[in-house]
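A structural model of the following input is requested.
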Amino acid sequence: MNKQEFISAVAEATGASMAEVARVINASISEITAALKKGDDVVFTGFGTFKAVKKAARTGINPATKAQIKIPAKVAPTFKAGKALKDAVNK
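Next up is the predicted model:
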């Protein structure tokens, strides 16, 4: 399911217009992104947690040339599914 299909499904399930649902989804994504940029976690109890995790710099290997390369430190967004979501998917 892509974003447009998701918006259509939510609009159908709620009876809201696709434009309204798109605004809400886009605003939600923007707010999650802003929170992660600030270093905050975003927790949806039962669904899961979005976090910004610091990854240390490391040395990697270019698979084509076998040369060592330096991979810089970065902050990566992660998502950990909550128990309710895991249980729903596994039933």
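
sec struct for Phe6, please.
helix (DSSP: H, G, I helix; E, B strand; the rest coil).

quickly find the element holding Thr78.
strand 74-81 (DSSP states H and E).

so for the helix or strand just after that strand, mean pLDDT?
Heading C-terminal from strand 74-81, the first helix or strand you meet, by DSSP H and E, is helix 83-89. For helix 83-89, mean pLDDT is 95.

with just CA atoms, put stretch 24-33 into CSV.
These are the backbone C-alpha positions of stretch 24-33, laid out as CSV (Å, rounded to 0.1, in the frame of the first residue of the first chain):
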residue,chain,number,x,y,z
VAL,A,24,-4.0,15.2,8.3
ILE,A,25,-1.6,12.5,7.1
ASN,A,26,0.8,15.1,5.7
ALA,A,27,0.6,17.1,9.0
SER,A,28,1.2,13.9,11.0
ILE,A,29,4.3,13.0,9.0
SER,A,30,5.6,16.6,9.4
GLU,A,31,5.1,16.5,13.1
ILE,A,32,6.8,13.1,13.5
THR,A,33,9.7,14.4,11.4
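
starting at the chain centroid, how far to that stretch?
11 Å (Cα atoms, centre = their mean, to the nearest Å).

with stretch 77-90 instead?
12 Å.

what's the end-to-end length of that stretch?
24 Å (Cα to Cα, to the nearest Å).

buried sites along it?
Gly82 (16 or more other Cβ atoms under 10 Å). Every C-beta, even on glycine, is put in place using the N, C-alpha and C of the backbone.

residue contacts, Phe79?
48-51 (Cβ atoms under 8 Å, 6 or more residues apart in numbering).

partner strands of the strand holding Thr78, with direction?
strand 48-55 (antiparallel) (DSSP bridges).

and the residue nearest to Val89 when sequence neighbours are not counted, what are its bridge partners?
Closest residue to Val89 apart from its sequence neighbours, by Cβ to Cβ, 6 or more residues apart in numbering: Ala81 at 7.8 Å. For Ala81, the beta-bridge partners under DSSP bridges are Gly48.

closest to Pro63 out of the contacts of Phe79?
Lys51 (29.0 Å; Cβ to Cβ).
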